[in-house]
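Asker: Compute the structure for the input listed below.
(chains A and B)
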Amino acid sequence: DQQVKQNSPSLSVQEGRISILNCDYTNSMFDYFLWYKKYPAEGPTFLISISSIKDKNEDGRFTVFLNKSAKHLSLHIVPSQPGDSAVYFCAARYSGNTPLVFGKGTRLSVIA
Amino acid sequence: KAGVTQTPRYLIKTRGQQVTLSCSPISGHRSVSWYQQTPGQGLQFLFEYFSETQRNKGNFPGRFSGRQFSNSRSEMNVSTLELGDSALYLCASSPGGVTPGNTIYFGEGSWLTVV
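Answerer: Residues are numbered from 1 along each chain as shown, chains lettered A, B, ... in the order given. You can find the predicted model right below:
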């Protein structure tokens, strides 16, 4: 049973536009959510995170929104750049000593 | 600050052999986790070590094992390799406390191909 789901395997966006990557979760005990970005043949790189006590967190071009009632979070990238083309993973955990649970990822292609 | 270091980066093994992968976490980090990534799949959690003790374990067969040393460095071992074990094996480190906000940082991974 997949506890973290990224239902869109891929997404194409034009350079300069907004990219919205979505993630749904089923475990209501999750209280911390992270986004990672991964290039081929490299390890995932931490991007941004959000605690369940917040509904929004911003870091430069990246904003994560959390809707706890819908068990849904999204990552917004504005403006999108070609260098953002990568696979984005959503992950969740419910305490500091539990493993991260990952979605299967969404491949973002930013077209110049 | 040095990142998470994994060795070797690439290796090819024959079915039935065993393999050992190594990971050096970020200095000061006491938790090391291992993940497996196969094509089209997300990251599957293997196990986590904290202060030399296995703290969490994923749903992998007993052929997959690991350990952590007193300096927090970790190794994972896969015995009796199968073709399906071909994957990217990722090591991640974190401070290891109970705060959910502890970010996990990944190494670049070890690419294992089983032929």
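
Asker: What count of nearby residues applies to residue B:54?
Answerer: By other Cβ atoms under 10 Å in any protein chain shown, 13 other residues sit near residue B:54. (Each C-beta comes from the backbone N, C-alpha and C, glycine too.)

Asker: So it: helix, strand or coil?
Answerer: For residue B:54, the assignment made with DSSP: H, G, I helix; E, B strand; the rest coil gives strand.

Asker: Surely it touches residue B:46?
Answerer: No. In this structure, residue B:54 is not within contact of residue B:46 by Cβ atoms under 8 Å, at 10.4 Å.

Asker: so what sits against both of these two?
Answerer: Here residue B:54 and residue B:46 share the contacting residues residue B:66, scored by Cβ atoms under 8 Å, 6 or more residues apart in numbering or on different chains.

Asker: show me the contacts for the closest residue to residue B:51 other than its chain neighbours.
Answerer: Once flanking residues are discounted, residue B:51 sits nearest to residue B:30: 5.6 Å by Cβ to Cβ, 6 or more residues apart in numbering or on different chains. Residues in contact with residue B:30 (Cβ under 8 Å, 6+ apart) are B:50-51, B:72, B:95-96.

Asker: Counting neighbours, what do you get for residue B:53?
Answerer: Look at residue B:53: counted by other Cβ under 10 Å, it has 9 neighbours.

Asker: Report pLDDT for it.
Answerer: On pLDDT, residue B:53 comes in at 94.

Asker: For it, give the beta-bridge partners.
Answerer: Counting by DSSP bridges, residue B:53 forms beta bridges with residue B:50.

Asker: which residues does the spatially most central residue of chain B bridge with?
Answerer: Per Cα atoms, centre = their mean, the C-alpha nearest to the average position across chain B is that of residue B:34, at 2.8 Å. Beta bridges link residue B:34 to residue B:47, residue B:91 when assigned by DSSP bridges.

Asker: quick one, what contacts it?
Answerer: Contacts of residue B:34 by Cβ under 8 Å, 6+ apart are B:23, B:45-48, B:66, B:74, B:76, B:89-92.

Asker: Distance to residue A:48, neighbour count and pLDDT added to those, as CSV?
Answerer: Below are the contacts of residue B:34 laid out as CSV (distance: Cβ to Cβ, whole Å; neighbours: other Cβ atoms under 10 Å in any protein chain shown; pLDDT from 0 to 100):
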residue, distance to residue A:48, neighbour count, pLDDT
B:23, 25, 27, 98
B:45, 21, 21, 94
B:46, 25, 23, 96
B:47, 26, 22, 94
B:48, 23, 27, 93
B:66, 29, 22, 97
B:74, 27, 25, 97
B:76, 28, 23, 98
B:89, 25, 23, 97
B:90, 19, 26, 96
B:91, 22, 30, 96
B:92, 17, 29, 94
